[in-house]
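Engineer: return a 3D structure for these sequence lines:
(one chain, ligands or ions: 1)
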Amino acid sequence: MTGSAILALYLALFALQRVVETGLGILNLRHGHAQSAPPPALAGAVDGATHARMRDYSQARGRFALLADSVSAAAVLAVVLSGVLGTTDAAVGRLALHPYLAGGLYVLAVGAFFTVLGIPASLYSQFVIEQRFGFNRTTLRLFLLDRLKGGLISLILGAVVLLVLFAFMDRAGSLWWLYAGGVIIAFQVVLLMLYPTVIAPLFNRFVPVGEGEVRARLAALARRLGYRLRGIFVMDGSKRSRHSNAYFTGLGPVKRIVLFDTLLDQLDAGEIEAVVAHEIGHERLRHIPQRLALSVAATVAGLGILSLLLDYAPLFAAFGIREPSHHAALVLFSLLAGPFTFWLGPLSALWSRRHEYAADRFAAAVVASPRPLAGALIKLSRDNLANLSPHPWYSFYHYSHPTLVERLQALRA
Ligand SMILES: [Zn+2]
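Structural biologist: Residues are numbered from 1 along each chain as shown. Next up, the predicted model:
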């Protein structure tokens with residue numbers, strides 16, 4: 001393939017992705033705009049005023065996402081087409097540093113550019129949209145502190161991954177991608193185990209569920225299922241947002257169920273029990289190891305493809321990089337991958353929704369009734385102003401969780 005053929009293929013796929021993504025976004029906005037009342041299945045649970053707020057919030061977020069996505073897509077296109085990747089590479093090369101250090105600096109420069117570019121959108125989303133609908137509780141100071149901490153963590157983890165990649169590319173022969181993949185996966189597993197106890201506490205406080213009815217019910221549930229009550233935590237989510245949530249995280253001995261303090265305020269004891277049962281369902285049904293297996297396959301496949309492109313000069317030339325190098329290959333690969341991997345998104349979302357249905361069934365069976373979970377899901381959707389009626393194509397493509405109506409239908413069946 002010549003340089004211009006590579007460029008044409010990339011641009012065609014890029015355009016197709018933009019058309020599909022923007023088209024889905026617009027369809028979803030128009031579909032949502034046309035809903036003047038809650039879906040019939042929720043007629044008794046959501047009043048008109050609340051429904052109007054839910055719709056306005058979805059519209060505001062949807063419109064802004066369309067704009068922000070277009071801006072970041074345009075930025076990627078500008079960077080890969082303008083030749084700036086080549087001039088930056090040449091400039092870093094003139095510093096005459098150790099190749100790994102130069103490579104790291106190059107990756108850092110490109111990464112920092114896109115990180116900084118994304119900040120205005122985060123600011124607007126948090127301090128304008130979230131603020132307008134009464135969700136924001138983040139101060140500007142906390143916002144900046146979060147970015148700083150997140151940036152430092154990415155810097156450290158990124159440096160480790162880069163070092164592993166550079167070393168294996170240099171010294172491990174033609175199967176470097178397999179060995180490097182193995183090391184990166186081991187690193188991912190370690191991270192997954194460290195996340196709950198080392199990384200998450202840098203951002204939030206985690207405490208055991210306080211004494212009272214909720215704790216008593218969760219203790220009984222945990223005893224019945226052989227789950228450790230000590231693995232259930234309350235997080236101070238209210239320090240950033242009024243949104244509420246619960247999640248399951250960790251691997252092996254470090255597993256945690258995390259309940260936002262906002263969730264404890266919104267739900268009654270029976271509903272909280274059902275939500276925890278749902279999260280224990282994710283653990284019992286081994287959903288995290290399954291997702292990890294998918295990420296392992298994706299990592300190895302991605303590195304395998306990267307290894308094929310590593311010495312392919314026309315690819316570099318097509319994007320203005322005169323001198324093929326390992327670091328330029330990494331950057332090009334990550335900037336160009338989007339239009340190729342975009343089409344796999346729905347498969348991952350579909351799989352995730354199946355896991356949600358399975359965890360819902362588990363919870364309903366464990367608390368011997370679908371009612372508490374149904375009640376919890378309705379309250380959570382209402383308080384978080386969830387989109388009750390996304391366009392079916394949009395939710396099929398993007399939603400990691402089934403819609404509220406779909407989950408309620410499945411629970412009743
Ligand atoms: Zn879930």
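
Engineer: could you pull out the strands for this structure?
Structural biologist: Secondary structure of the chain by DSSP state E: the strands cover 206-208, 232-235, 246-251, 254-260.

Engineer: of all those strands, which one is nearest the ion?
Structural biologist: Evaluated with Cβ to the ion, the strands of the chain place strand 246-251 nearest to the ion, the distance being 7.3 Å. The C-beta positions use only the backbone N, C-alpha and C, and glycine is treated the same way.

Engineer: partner strands of the closest one and their direction?
Structural biologist: For strand 246-251, sheet partners with direction are given as strand 254-260 (antiparallel), following DSSP bridges.

Engineer: do the strand it pairs with and the ion meet?
Structural biologist: No. Using Cβ under 5 Å from the ion, strand 254-260 stays clear of the ion, coming no nearer than 10.7 Å.

Engineer: hang on, isn't Trp193 packed against Gly250?
Structural biologist: To be clear, residue 193 is Met; Trp isn't right here. Yes. Met193 is in contact with Gly250 according to Cβ atoms under 8 Å; the separation is 6.5 Å.

Engineer: higher neighbour count, the two?
Structural biologist: In terms of neighbours (other Cβ atoms under 10 Å), Gly250 is the more surrounded of Met193 and Gly250; the figures are 20 against 16.

Engineer: excluding sequence neighbours, find me the nearest residue to the more buried one.
Structural biologist: Pro196 (4.6 Å; Cβ to Cβ, 6 or more residues apart in numbering).

Engineer: now for that neighbour, how many residues are close by?
Structural biologist: Applying other Cβ under 10 Å, we find 19 other residues in the vicinity of Pro196.

Engineer: quick one: residues contacting Val296.
Structural biologist: The contact partners of Val296, taken as Cβ atoms under 8 Å, 6 or more residues apart in numbering, are Gly181, Ile185, Gln188.

Engineer: which one of these is nearest Gly111?
Structural biologist: When these are compared for distance to Gly111 (Cβ to Cβ), Gln188 wins out at 18.8 Å.

Engineer: gap between Leu117 and Thr138?
Structural biologist: When distances are taken as Cβ to Cβ, to the nearest Å, Leu117 and Thr138 turn out to be 20 Å apart.

Engineer: between the two, who's got more neighbours?
Structural biologist: Looking at Leu117 and Thr138 with other Cβ under 10 Å, you find the greater number of neighbours at Thr138, namely 18 against 14.

Engineer: contacting residues for the nearest residue in space to that one that is not next to it in sequence?
Structural biologist: In space, Thr138 comes closest to Arg240 once its chain neighbours are excluded; the distance is 4.7 Å by Cβ to Cβ, 6+ apart. Listed by Cβ under 8 Å, 6+ apart, the contact partners of Arg240 are Arg137, Thr138, Leu142.

Engineer: what distance do you get for Arg240 to Tyr394?
Structural biologist: Distance of Arg240 to Tyr394, given as Cβ to Cβ: 27 Å.

Engineer: ok, now Ile6?
Structural biologist: Relative to Tyr394, Ile6 is positioned 31 Å away (criterion: Cβ to Cβ).

Engineer: neighbouring contacts of stretch 344-359?
Structural biologist: Residues outside stretch 344-359 that contact it (Cβ under 8 Å, 6+ apart) are 278-279, 281-282, 285, 287, 290-291, 294, 396-402, 407, 410.

Engineer: kindly recompute the last result at 6 Å.
Structural biologist: Identification of contacts with stretch 344-359 by Cβ atoms under 6 Å, 6 or more residues apart in numbering yields His278, Gly281, His282, Leu285, His287, Tyr397, Tyr399, Ser400, His401, Pro402, Ala410.

Engineer: so Met324 sits against Ala318, correct?
Structural biologist: For the record, residue 324 is Pro, not Met. No. Under the criterion of Cβ atoms under 6 Å, Pro324 makes no contact with Ala318, lying 11.5 Å away.

Engineer: of the two, who's got more company?
Structural biologist: The neighbour count for Pro324 versus Ala318, taken as other Cβ under 10 Å, is higher for Ala318 (23 against 17).

Engineer: excluding its backbone neighbours, what's nearest the more buried one?
Structural biologist: The spatially closest residue to Ala318, leaving aside those adjacent along the chain, is Gly3, at 3.8 Å (Cβ to Cβ, 6+ apart).

Engineer: quick check: that neighbour touching Ala317?
Structural biologist: Yes. Here Gly3 reaches Ala317: they are 4.6 Å apart, a contact under Cβ under 6 Å.

Engineer: pull the distance from stretch 246-265 to the chain's centre.
Structural biologist: The offset between the C-alpha centroid of stretch 246-265 and the centroid of the whole chain comes to 17 Å, using Cα atoms, centre = their mean, to the nearest Å.

Engineer: quick one: buried residues of it?
Structural biologist: Neighbour-count burial for stretch 246-265, counted by 16 or more other Cβ atoms under 10 Å, picks out 246, 248-251, 255-264.

Engineer: okay, how far is it across it, tip to tip?
Structural biologist: For stretch 246-265, the separation between the terminal residues is 13 Å (Cα to Cα, to the nearest Å).

Engineer: need the residues that contact that stretch.
Structural biologist: Defining contact as Cβ under 6 Å, 6+ apart, one finds that stretch 246-265 is touched by 192-193, 196-197, 231-238, 242, 244-245, 275-276, 279, 282-283.

Engineer: try it again at 8 Å.
Structural biologist: Contacts with stretch 246-265, where a contact means Cβ under 8 Å, 6+ apart, come from 189, 192-197, 200, 206, 209, 214, 231-238, 241-245, 272, 275-276, 278-280, 282-283, 287-289, 292, 380.
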